[in-house]
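**Student:** I'll drop the sequence and a predicted model, then ask my questions.
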Amino acid sequence: MPSLVKTAFMISSIVLHCSKRTKSFAFAPSLRLALSSSSLPSPSPYSSLPSMITNQHQHQHRRFSSSPSTSSSSLSSSTANTNFISVSDAISNFETTTFIDGSWHLSKDRSAVEEYENGPRIKGAHYFNIDDVATNDLKLNPKKLPHMMPPVELFERVMDVFSITSDSKVVIYATEDCAFGSRAYYTFKSLCQPSNEVYLMQGSLKEWIDAGGPIETDFKEVFSTSKLEEKEPNYAVGGDGNTIRMDEMLSVISNDDNSDDTGDSIVIDARGAARFKAEVPESRPGLRGGHMPGALNVPFTNLLQDGDVTKYKSVEEMKTIFEEAGVDIHSDKRVICTCGSGVTACVLAVGLSECGRDYENTFIYDGSWIEWASDPDTPIV
């Protein structure tokens, strides 16, 4: 080894041994980590561990690093520079991949937790509960907003439980007819280390089973954050969640209800057109109808395949959808995705990335419409 390279390697090793260092992230961190109290869901047992998440520094931008990745090559050449992985490629890389069930259902007719626990599920898969692994402490989320982006230490401890390290390859999947796996995926992609390869499987658990992928059918209890031990996590996040708080949204949206000027930002609403136009009432009691002044409407379902909502449409189709809605994918402006409660906005963020937009300048308004429309003073058109 040349002496210069050897010296650099020794210095790097010493520094890495002594501290967690910053490393740039392709799903780049925003300047805003965990949510402030203004945009932050109901208390969980995790709130009994105040020293883990209530310090003010937990809710500021944090950057960490891990040792340089020593992992093998990508899961598959077909997944290079993409958010997605096919079912066949996921099966081919089963032995070296951590699988995460990211299913969630808006309808009370289905329980993703019960479906995971009762099986079938991908063999060895963990379930990531976006309602449990979230900011649920009342001090941080006094409005009790649902499934807010988790505090970094909580996410780190959950990664330890899942045995995920900085070199792990992770595939997020969803069950049949579940259109919401993108939320779990976005959480992992925006918080995991840059050395982690994180993919969203295109195709459901049913397709995995039909293709002969390994499964298990015995009962397996879903992990709960109430069982976490208070100890220093081994995993270190690589991003901050790329979320926007309500006070930041207010600075973007003009207080003049007749203005469509959103300044240096592009706001995209993932709700259906009828809700966007206030042609149908909101499903949540007490919420006003309509949309933020200047917001563009791209219903999240438009980006998903008609016959299988666990798959996105082609890049060409998505580009056309965004363009017809007035969205400049490659704009230097900040893009803020919003929806009903922060879940389907992630479908838009992932779609934008797949079309070539850098995640660094794309954000999720985590409180979304449930927070915005609950406030009588926020502008709505």
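**Tutor:** Arrived safely, thanks for sending.
**Student:** could you use CA atoms for every contact and neighbour count after this?
**Tutor:** Fine.
**Student:** just the strands in this protein please.
**Tutor:** Remark: strands assigned in the chain by DSSP state E are 84-86, 98-101, 121-122, 126-127, 169-173, 197-202, 215-216, 243-244, 265-269, 296-297, 334-338, 362-365.
**Student:** out of those, name the one with the poorest average pLDDT.
**Tutor:** Of all the strands of the chain, mean pLDDT reaches its minimum on strand 243-244 (a mean of 93).
**Student:** and the lowest mean pLDDT element among the helices and strands of the protein?
**Tutor:** When the helices and strands of the chain are scored by mean pLDDT, DSSP states H and E, helix 50-53 comes last with a mean of 33.
**Student:** hang on, the earlier thing: make CSV out of the strands of the chain and add distance to residue 115.
**Tutor:** Shown next, in CSV, are the strands of the chain (distance: least, C-alpha to C-alpha, whole Å):
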stretch, distance to residue 115
strand 84-86, 22
strand 98-101, 10
strand 121-122, 8
strand 126-127, 10
strand 169-173, 13
strand 197-202, 18
strand 215-216, 12
strand 243-244, 29
strand 265-269, 30
strand 296-297, 33
strand 334-338, 28
strand 362-365, 28
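**Student:** residue 316: which of those is closest?
**Tutor:** Proximity to residue 316, assessed across the strands of the chain by C-alpha to C-alpha, is greatest for strand 84-86 (15.3 Å).
**Student:** and that closest one, what does it pack onto?
**Tutor:** strand 197-202 (3 or more C-alpha pairs under 8 Å, 6 or more residues apart in numbering; DSSP states H and E).
**Student:** got a list of contacts for the strand it packs on?
**Tutor:** Residues outside strand 197-202 that contact it (C-alpha atoms under 8 Å, 6 or more residues apart in numbering): 74-75, 82-87, 90, 167-174, 181-182, 185, 188-189, 310-312.
**Student:** what number of residues lie near residue 85?
**Tutor:** Neighbour count for residue 85, taken as other C-alpha atoms under 10 Å: 24.
**Student:** ok, residue 93 to residue 213 distance?
**Tutor:** Distance from residue 93 to residue 213, counting by C-alpha to C-alpha, to the nearest Å: 11 Å.
**Student:** for the nearest residue to residue 125 once chain neighbours are set aside, list each beta-bridge partner.
**Tutor:** Distances taken as C-alpha to C-alpha, 6 or more residues apart in numbering put residue 99 closest to residue 125, at 4.7 Å, once the chain neighbours are dropped. For residue 99, the residues forming beta bridges with it (DSSP bridges) are residue 171.
**Student:** I'd guessed residue 99 sits against residue 168; true?
**Tutor:** No. Using C-alpha atoms under 8 Å, residue 99 is not in contact with residue 168; the gap is 10.4 Å.
**Student:** where does the prediction get shaky in the stretch 1-150 of the chain?
**Tutor:** Along the stretch 1-150 of the chain, the parts satisfying pLDDT under 70 run over 1-81.
**Student:** can you rerun that using 90?
**Tutor:** 1-82, 106-108 (pLDDT under 90).
**Student:** do the stretch 251-381 of the chain as well
**Tutor:** 254-264, 282-286, 359-360.
**Student:** now with 80, please.
**Tutor:** 254-262 (pLDDT under 80).
**Student:** show me where it has helices.
**Tutor:** Ranges of helices in the stretch 251-381 of the chain, per DSSP state H, counting those that start in this stretch, are 273-276, 315-324, 345-354, 368-372.
**Student:** mean neighbour count and distance to residue 333 added to the ones you listed, as TSV?
**Tutor:** Output for the helices of the stretch 251-381 of the chain, formatted as TSV (neighbours: other C-alpha atoms under 10 Å; distance: least, C-alpha to C-alpha, whole Å):
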stretch	mean neighbour count	distance to residue 333
helix 273-276	18	22
helix 315-324	15	15
helix 345-354	25	13
helix 368-372	23	20
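**Student:** who wins for proximity to residue 288 among those helices?
**Tutor:** Here helix 368-372 is closest among those (C-alpha to C-alpha), at 9.0 Å.
**Student:** CA atoms of stretch 288-306 as CSV?
**Tutor:** Extracted in CSV, the C-alpha atoms of stretch 288-306 (Å, rounded to 0.1, in the frame of the first residue of the first chain):
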residue,chain,number,x,y,z
ARG,A,288,-61.9,22.3,6.8
GLY,A,289,-61.8,21.4,3.2
GLY,A,290,-59.7,22.9,0.4
HIS,A,291,-56.0,23.3,0.0
MET,A,292,-53.1,25.6,0.8
PRO,A,293,-52.8,28.7,-1.4
GLY,A,294,-50.4,28.0,-4.3
ALA,A,295,-50.3,24.3,-3.8
LEU,A,296,-50.3,21.9,-6.8
ASN,A,297,-52.3,18.7,-6.8
VAL,A,298,-50.8,15.3,-7.7
PRO,A,299,-53.0,12.6,-6.2
PHE,A,300,-50.6,9.9,-5.0
THR,A,301,-52.7,7.2,-6.6
ASN,A,302,-51.8,8.6,-10.0
LEU,A,303,-48.2,7.5,-9.5
LEU,A,304,-49.1,3.9,-8.7
GLN,A,305,-50.0,1.2,-11.1
ASP,A,306,-53.7,0.6,-11.6
